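In: Compute the structure for the input listed below.
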Amino acid sequence: MGSLSGILQRPLIAAAAVGFASFSSSDFSPALPSSKSSDSHLPTSTTLSDISVSKLSNLPFVSRIRVPLPNVNIPIPNSDCNSLYSSVASSPALLKLYHSADLGKAPNPTAYKRVSLSPSVPDVSYKWHLPEPNALDVSGKSDCSSTKMRTVVVLLGWLGAKQKHLKRYADWYTSQGYHAITFTLPMADILKYQPGGKVEDHIDSLVTHLADWLEEEQGKNLMFHTFSNTGWLTYGVMLEKFQKHDPSVMGRIRGCVVDSAPVAAPDPQVWASGFSAAFLKKHSVATKGTTDASESVMDVLVDSKGVVAPKPAVTEAALLLVLEKFFKVVLNIPTVNRRLSDVLGLLSARQPSCPQLYIYSSADRVIPAGSVESFIKQQRRAGHEVRACNFVSTPHVDHFRNDPKLYTSELTHFLEDCVLTGPQPRGQNRSWFPFLALVWCSVAGSESCVCEVNGLVLLLRKA
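Out: Numbers count the residues shown, from 1 in each chain. Below is the predicted model:
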């Protein structure tokens, strides 16, 4: 793929300037985002009681992380589930190791140094998050717990995503007993993309580390959770590298969750919408969902069904127009088009045989719901087991924040049925699933959702 540094950088910077004109400099406040902001994340706390240092350090994966660990034996008194701190929490190195182990392979330490935990950690391309202590069965007697500890969920972020945005998802997976990796690509590296550059280095590093982890012992598996077309295309590049260097890895991928994707074609309008949303963030119309026409007081567009879609501001409309014209040129450059076609072809026709879950919304202003549904039909025709849930009114990559109960219930059932129980023969009778899907959505208390499994569509609305 030819260098995009000179092609992309100047026009996109100019386009970004148009976007930034849509809001004043007073919007750049150092204050933390509110809980309704798409940039917010859910703080979590972890109890480190009820698990000893020796047991923690003997866990298969922890023992292989080359991070300085003090040779201490700290007794941990019994405590109830509300105790958030114990004497072991006073060890900063252990706390840093357990919560988010950086994947860089540091040299063996000659001596232990006391490390102070800084509240501000620089954003990196990927981080490894270990399972929460209270989700672990250190006795090793539970088959379910053993399977979780041998599975790592790889979270591939959307365009413009940062580690703090993916942390809420990683926290949920680690609370269930899984390892999790959060992977993001810095916007600056994407805008200056060139073959052999930082973007490819980031992906190669992750692929290599995952391959090494899988080789350490038998029984380890992967699961992927992708966000938007950027995360989905990153997944395709990783599959390409696995197939080239070690095809056996494909058989160890137990499932894939696709959030707010895909559009399986180089569509200039989709790319323009994605970059516009990344530039404008919460000021973009892409971060707004849909409402009923009778409840709206905004400047909106109302379709024939009475569904309200927010209308983009004049400056955002101008930015979208500039970006769309720009990507009509860029996506038709032969080297760019050829590279995208290779990755999209793999994702369309040569995916692993694992089950797939698609989470999307009819209100998504970046990825059209029709494109997702068309791809789902294509995957079913290819013989894949595919599940889907349409959140109907939630915006792009914001389904979890808007409806966490429904989102986590979909993930829970997918993990229990596809990851923990192992691969199922194709064509197996799952007549019981529609009833369970109905129960899950009812418990979640969602205003409305559309759940689909093996061709059966359930449209649920709160009375």
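
In: Can you list the buried residues in stretch 187-204?
Out: By neighbour count, and taking 16 or more other CB atoms under 10 Å as the criterion, the buried residues in stretch 187-204 are Met187, Asp189, Ile190, Leu191, Lys192, Tyr193, Gln194, Lys198, Val199, Glu200, His202, Ile203. Placement of C-beta: from N, CA and C, glycine included.

In: For the third one, which non-adjacent residue is spatially closest?
Out: Sequence neighbours aside, Val199 is the residue nearest to Ile190 in space, at 6.4 Å (criterion: CB to CB, 6 or more residues apart in numbering).

In: what sits against the one you found?
Out: When contacts are counted by CB atoms under 8 Å, 6 or more residues apart in numbering, Val199 touches Leu185, Asp189, Ile190, Tyr193.

In: mind running it again at 10 Å?
Out: For Val199, the contact set (CB atoms under 10 Å, 6 or more residues apart in numbering) comprises Leu4, Ser125, Leu185, Pro186, Asp189, Ile190, Lys192, Tyr193, Thr234, Val237.

In: In the stretch 1-150 of the chain, where is pLDDT below threshold?
Out: Where the stretch 1-150 of the chain drops to pLDDT under 70, the residues are 1-123, 137-143.

In: Closest one to Ala318 out of the contacts of Val199, please.
Out: Ile190 (22.3 Å; CB to CB).

In: does that closest one really touch Lys198, like I thought?
Out: Yes - under the criterion of CB atoms under 10 Å, Ile190 is in contact with Lys198, at a separation of 9.3 Å.

In: what comes up buried for the helix or strand hosting Leu346?
Out: Mapping Leu346 onto the secondary structure by DSSP states H and E places it in helix 334-349. Burial within helix 334-349, assessed by neighbour count using 16+ other CB under 10 Å, is assigned to Val336, Arg339, Leu340, Val343, Leu344, Leu346, Leu347, Ser348.

In: Now it: average pLDDT?
Out: Averaging the model's pLDDT scores along helix 334-349 yields 93.

In: in its sheet, what does whatever helix or strand comes next after that helix sit against?
Out: Toward the C-terminal end, the helix or strand that comes next after helix 334-349 (DSSP H and E) is strand 356-360. When pairing is defined by DSSP bridges, strand 356-360 lines up against strand 253-259 (parallel), strand 386-390 (parallel).

In: Dump those strands to CSV, plus mean neighbour count and distance to Glu324.
Out: Formatted as CSV, the entries for the strands paired with strand 356-360 read as follows, by neighbours: other CB atoms under 10 Å; distance: least, CB to CB, whole Å:
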stretch, mean neighbour count, distance to Glu324
strand 253-259, 24, 24
strand 386-390, 23, 26
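
In: Out of those, which gets nearest to Ala265?
Out: With respect to Ala265, and counting by CB to CB, the nearest of the strands paired with strand 356-360 is strand 253-259 at 15.6 Å.

In: can you map out the helices along the stretch 151-300 of the chain?
Out: Counting by DSSP state H, counting those that start in this stretch, the stretch 151-300 of the chain forms helices over residues 163-175, 187-191, 198-215, 228-245, 268-280, given from the N-terminal end onward.

In: Spell out, range by range, the helices that occur in the stretch 351-463 of the chain.
Out: Assigned by DSSP H, counting those that start in this stretch, the stretch 351-463 of the chain shows helices spanning 369-381, 399-402, 404-414, 433-444.

In: show me where pLDDT drops low in the stretch 201-350 of the chain?
Out: Across the stretch 201-350 of the chain, the stretches falling below the confidence threshold (pLDDT under 70) are 290-309.

In: coming back round to it: quick check: which of the strands paired with strand 356-360 is nearest to Lys311?
Out: Distances from Lys311 to each of the strands paired with strand 356-360 were compared using CB to CB; the shortest belongs to strand 386-390, at 22.9 Å.

In: In contact with His399, which residues?
Out: By CB under 10 Å, 6+ apart, the contact list for His399 reads 259-260, 289, 359-361, 363-364, 389-391, 393, 406-407, 410, 449.

In: Try it again at 8 Å.
Out: Residues near His399 by CB under 8 Å, 6+ apart: Asp259, Ser260, Ile359, Ser361, Phe391, Leu406, Tyr407.

In: I'd like to know which of those is nearest to Leu155.
Out: Within the contacts of His399, proximity to Leu155 (CB to CB) peaks at Asp259, which comes in at 9.5 Å.

In: give me every residue that touches that closest one.
Out: By CB under 8 Å, 6+ apart, the contact list for Asp259 reads His225, Thr226, Phe227, Ser228, Gly231, Ile359, Tyr360, Val397, His399, Phe400.

In: Counting neighbours, what do you get for the nearest residue to the last one once chain neighbours are set aside?
Out: Distances taken as CB to CB, 6+ apart put Tyr407 closest to Phe400, at 4.5 Å, once the chain neighbours are dropped. Tyr407 has 23 neighbouring residues, counting by other CB atoms under 10 Å.

In: just to revisit the earlier point, tell me how far the residue nearest to Ile190 lies from Ile181.
Out: 17 Å (CB to CB, to the nearest Å).

In: repeat for Leu159
Out: Distance from Leu159 to Ile181, counting by CB to CB: 18 Å.

In: returning to that earlier point: so which of the helices of the stretch 151-300 of the chain gets nearest Ile253?
Out: Between Ile253 and the helices of the stretch 151-300 of the chain, the shortest separation by CB to CB is 8.3 Å, and it involves helix 228-245.

In: Give me the angle between the closest one and helix 369-381.
Out: With axes from the mean of the first three to the mean of the last three CA atoms, to 10 degrees as the criterion, the two stretches helix 228-245 and helix 369-381 enclose an angle of 30 degrees.

In: if we can go back for a sec, need the helices of the stretch 351-463 of the chain in CSV (columns: distance to Ala264 and mean pLDDT).
Out: Formatted as CSV, the entries for the helices of the stretch 351-463 of the chain read as follows, by distance: least, CB to CB, whole Å; pLDDT from 0 to 100:
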stretch, distance to Ala264, mean pLDDT
helix 369-381, 5, 97
helix 399-402, 20, 96
helix 404-414, 21, 96
helix 433-444, 26, 47
